[in-house]
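Undergrad: my questions concern the predicted model and sequence given below.
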Amino acid sequence: MKAIWNNTVIAESKDTIVVEKNHYFPPDAVKKEFFTHSPTHSTCPWKGEASYMNIEVDGKTNKDAAWYYPQPKDAAKEITNYIAFWKGVTVTE
C-alpha cells in the first residue's frame, strides 16, 4: 500500500493493518521528513486517544492529515504507533 499526497509518496508498506476501512501503516513505513507533530488530539471510544501529525510536501501543509494511537486501549493494541491518513491523502495499492 502507498499513501500519496501532493503527488508524493509519503508512506509505503506491505504490512498495513486495516481498521474501520483505514489502512494503518507501520511507523517505519512513513517518510518522516514529510511529517510534523500537531497539538491536536481526539478520542475514540474503543481505540483511545489519537495524536495527529501535519503533512508538509513542497511548501504545502495538510493540517492533521495523519493520526496514530501512541497508547491505545487493549482492543486496539495491534495499531500502537501505526499511522493512518485522511484529508485528501490517497491510499492505494
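TA: Good, I have the coordinates. Residues are numbered from 1 along each chain as shown.
Undergrad: next one: stretch 64-76 to chain centre, how far?
TA: 9 Å (C-alpha atoms, centre = their mean, to the nearest Å).
Undergrad: ok, Ile17 touching Met1?
TA: No. In this structure, Ile17 is not within contact of Met1 by C-beta atoms under 8 Å, at 10.4 Å. (C-beta placed from N, C-alpha, C; glycine too.)
Undergrad: find the residues that touch each one of the two.
TA: His23 (C-beta atoms under 8 Å, 6 or more residues apart in numbering).
Undergrad: element containing the closest residue in space to Ile17 that isn't next to it in sequence?
TA: Spatial nearest neighbour of Ile17, excluding adjacent residues (C-beta to C-beta, 6 or more residues apart in numbering): Tyr24 at 4.7 Å. Under the criterion of DSSP states H and E, Tyr24 resides in strand 22-24.
Undergrad: after that strand, which helix or strand is next?
TA: strand 35-44.
Undergrad: for that next one, what is the average pLDDT?
TA: Per-region confidence: strand 35-44 scores 98 on mean pLDDT.
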